[in-house]
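Enquirer: Prediction below, plus the sequence it came from.
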Amino acid sequence: MQDDYGNQIPTLPQMWDRMNEFQKELKINSEATSRIENNTAELIQTFHDFKGAFRVLSWIGKLAIPFTAIIALYITIKSGITPK
């Protein structure tokens, strides 16, 4: 049997076979997606750890600026160099 455009209309057993094949492919795809998710979870955790590390390094950098200025002032005073 054909439709108005000349395409073959599948029979009911053919449609069931297609549906079963689709379900098998969907299961394979779902398993692959699950494997990819499990494999990338560690990588995502590493990125989150790096984000935290850079945040801490930023805080250390913000603290280092005034600390460096205080040390420079101390060394200047101890060495007896007067400002011009």
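Expert: On my side now, so go ahead. Residues are numbered from 1 along each chain as shown.
Enquirer: Give the burial count for residue 28, as a bare number.
Expert: By the other Cβ atoms under 10 Å criterion, the neighbourhood of residue 28 contains 10 residues. For the C-beta atoms, the positions are set from N, CA and C on the backbone; glycine is no exception.
Enquirer: Quick one: residues contacting it.
Expert: For residue 28, no contacting residues are found, by Cβ atoms under 8 Å, 6 or more residues apart in numbering.
Enquirer: distance of it from residue 9?
Expert: Note on residue 28: its distance to residue 9, by Cβ to Cβ, to the nearest Å, is 28 Å.
Enquirer: Quick check, pLDDT for residue 83.
Expert: Residue 83 is assigned a predicted lDDT (pLDDT) of 61.
Enquirer: try residue 72
Expert: For residue 72, the predicted pLDDT is 88.
Enquirer: from what I can see residue 9 touches residue 3, true?
Expert: Yes - using Cβ atoms under 8 Å, residue 9 is in contact with residue 3, at 5.6 Å.
Enquirer: What strand or helix carries residue 38?
Expert: Using DSSP states H and E, residue 38 maps to helix 12-79.
Enquirer: what stretches of this structure score poorly on pLDDT?
Expert: 82-84 (pLDDT under 70).
Enquirer: Apply 90 and report the result again.
Expert: The chain contains residues with pLDDT under 90 at 1-11, 38-39, 42, 63, 72-73, 75-84.
Enquirer: I'd like the distance between residue 33 and residue 26.
Expert: From residue 33 over to residue 26 (counting by Cβ to Cβ), the distance is 10 Å.
Enquirer: oh sorry, the question was meant for residue 40
Expert: Taking Cβ to Cβ, one finds residue 40 at 21 Å from residue 26.
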